[in-house]
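my questions are about this predicted structure, shown below with the sequence.
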Amino acid sequence: MQIRWVVIGGALALALAVPGALPVRAQGTRKVISIVATSWKFTPDLITVAKGDTVVIQLSNQDPDKRNHSFAARWLIDKPVTVRGQVAREGTDDGRRFFAVAPGDKLEFEFVATEAGSFPFVCGVFDHGARGQVGALNVVTAAK
Ligand SMILES: [Cu+2]
């Protein structure tokens, strides 16, 4: 009996001392991705996450030319999304749901990557997309 408690105590102490020793949840991890918006690009413009991940996209407008920018995507329309921070405007335009951020501001939005695939996004402000302010979120199936 006493040995059993020592073993349990030892395992507990290990789990508390080494965060990596704690069991990892199977349904994906939380990925925080910072994207900087300038005229006219997203940095980075290619993002890769795993299916099942909770994705937090932090969009920071660091445009020295002081233009508004946004993150706009068709695939966001029906997705449950939590939005936080300095949101200049949000809504739906041209078939895309968008979150706009003013110069010097930062917003973030969170969602779960429920499907694998490549999901394009664009800056929905004026002609920014046509000027090359586009990107893609790649959701990969985790290796078994
Ligand atoms: Cu833009």
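On my side now, so go ahead. Residues are numbered from 1 along each chain as shown.

how about Trp75, secondary structure?
Per DSSP: H, G, I helix; E, B strand; the rest coil, the secondary structure class of Trp75 is helix.

wait, it sits on Val122?
No: Trp75 sits out of contact with Val122 when judged by C-beta atoms under 8 Å, with a separation of 11.6 Å. Yep, even glycine has a C-beta here, placed from its N, CA and C like the rest.

which of the two has more neighbours?
The neighbour comparison of Trp75 against Val122 (other C-beta atoms under 10 Å) goes to Val122, with 22 against 16.

state the pLDDT value of that one.
Here, the pLDDT recorded for Val122 equals 98.

what's the answer for Gln27, then?
Reported pLDDT at Gln27 in the predicted model: 70.

please renumber so the chain begins at 829
In the new count, where the first residue is 829, that last one comes out as Gln855.

residue contacts, it?
Gly880 (C-beta atoms under 8 Å, 6 or more residues apart in numbering).

again with Ser946
Applying C-beta under 8 Å, 6+ apart to Ser946 gives the contacts Ala964, Leu965, Asn966, Val967.

worst-scoring helix or strand of this protein, pLDDT-wise?
Least confident helix or strand, the chain: helix 830-845 with a mean of 51, by mean pLDDT, DSSP states H and E.

interface residues of the protein facing the ion?
With C-beta under 5 Å from the ion as the criterion, the chain meets the ion at residues His897, Cys951, Val953, His956, Gln961.

how about 6 Å then?
With the criterion set to C-beta under 6 Å from the ion, the chain comes near the ion through Ala865, Trp868, His897, Cys951, Val953, His956, Gln961.

name the next helix or strand downstream of the helix or strand encompassing Glu938, please.
Take DSSP states H and E as the rule and Glu938 turns out to sit in strand 934-940. Using DSSP H and E, the helix or strand that follows strand 934-940 in sequence is strand 945-950.

now the angle from the next helix or strand after that next one to strand 934-940?
Downstream of strand 945-950, the next assigned helix or strand under DSSP H and E is strand 962-968. Counting by axes from the mean of the first three to the mean of the last three C-alpha atoms, to 10 degrees, strand 962-968 lies at 30 degrees to strand 934-940.
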